[in-house]
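1. next one to model:
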Amino acid sequence: MKTETEVLANMVDKTRELTNMYLRFLKDVDPHRVFESNGVQLNTVFWLMAHLPVTQNFLLLRANGGEVIKIPWARQFGLGSVPSAKEDCPPIDEVRDVMKTVHEKAVAHVAQLNHDLLDNDNSIGFEFAGEKSIRSLIIHSIRHEATHAGHLGW
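-> Sure, this is the predicted structure:
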């Protein structure tokens with residue numbers, strides 16, 4: 001029988017599979033193209049690709065005692081940032097590599113967490129929906145990526 005942390009890690013991985021499926025559907029789309037809905041400019045495919053490893057690194061590694069990956073362009077794609085001009089962005093192959101590296105480390109880290117620690121507060125005091133536990137942060141990360149996968153599906 002799988003542990004709760006193994007199940008959570010599997011959900012992190014399955015959510016990324018969904019993200020990657022939508023990215024494959026978008027392989028012929030300009031990743032820097034800005035789409036608009038009802039007069040609101042949406043995040044670009046590129047911004048979403050760069051944003052996901054930044055947030056996964058923060059939520060699943062940094063906030064939960066994992067080995068943090070140095071991402072030189074992290075602030076450019078963090079919470080509240082806006083899509084940068086194409087010429088100000090890192091190369092897309094670098095973003096893909098960072099997505100893969102951070103994801104693999106995050107899945108492995110979550111899977112090996114001690115179940116008894118899941119109710120503890122995360123190490124950075126990040127609170128979402130009134131909760132600060134390691135478990136809630138992992139669940140938030142899964143929902144966060146799934147939401148952005150939905151954006152890619154649009």
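2. which residues touch stretch 102-112?
-> Stretch 102-112 is contacted from outside by 5-6, 8-9, 12-13, 16, 53, 56-57, 60-61, 64, 66-67, 69, 71, 138, using Cβ atoms under 8 Å, 6 or more residues apart in numbering. From N, CA and C alone the C-beta is placed, and that goes for glycine too.
3. what's the average pLDDT for whatever helix or strand residue 109 lives in?
-> Per DSSP states H and E: residue 109 is located in helix 92-112. Regarding helix 92-112, the rounded mean pLDDT is 98.
4. could you point out the helix or strand that follows that helix?
-> Assigned by DSSP H and E, the successor of helix 92-112 is helix 134-153.
5. check which helices and strands that next one sits against.
-> Judged by 3 or more Cβ pairs under 8 Å, 6 or more residues apart in numbering; DSSP states H and E, the packing partners of helix 134-153 are helix 4-25, helix 45-56.
6. angle of the longest one against helix 45-56?
-> With axes from the mean of the first three to the mean of the last three Cα atoms, to 10 degrees as the criterion, the two stretches helix 4-25 and helix 45-56 enclose an angle of 170 degrees.
7. got the contact list for helix 4-25?
-> Contacts for helix 4-25 (Cβ under 8 Å, 6+ apart): 2, 45, 49, 52, 56, 60, 103, 106-108, 110-115, 118, 135, 138-139, 141-142, 145-146, 148-149, 152-153.
8. so how do I select the buried members of the contacts of stretch 102-112 in PyMOL?
-> The PyMOL selection below is limited to those of the contacts of stretch 102-112 classed as buried (16 or more other Cβ atoms under 10 Å):
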select buried, resi 5+8+9+12+13+16+53+56+57+60+61+64+66+69+71+138
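9. pull the helix holding residue 109 out as CSV, backbone CA atoms only.
-> Provided in CSV are the C-alpha atoms of helix 92-112 (Å, rounded to 0.1, in the frame of the first residue of the first chain):
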residue,chain,number,x,y,z
ILE,A,92,12.9,27.9,-24.3
ASP,A,93,15.1,24.8,-24.2
GLU,A,94,16.5,26.1,-20.9
VAL,A,95,13.0,26.5,-19.5
ARG,A,96,12.1,23.0,-20.6
ASP,A,97,15.2,21.6,-18.9
VAL,A,98,14.5,23.5,-15.7
MET,A,99,10.8,22.3,-15.8
LYS,A,100,12.1,18.7,-16.0
THR,A,101,14.8,19.0,-13.3
VAL,A,102,12.7,20.8,-10.7
HIS,A,103,9.8,18.5,-11.3
GLU,A,104,11.8,15.3,-10.9
LYS,A,105,13.4,16.6,-7.7
ALA,A,106,10.0,17.8,-6.3
VAL,A,107,8.3,14.4,-7.0
ALA,A,108,11.2,12.5,-5.4
HIS,A,109,11.2,14.9,-2.4
VAL,A,110,7.5,14.7,-1.8
ALA,A,111,7.5,10.9,-2.1
GLN,A,112,10.2,10.5,0.6
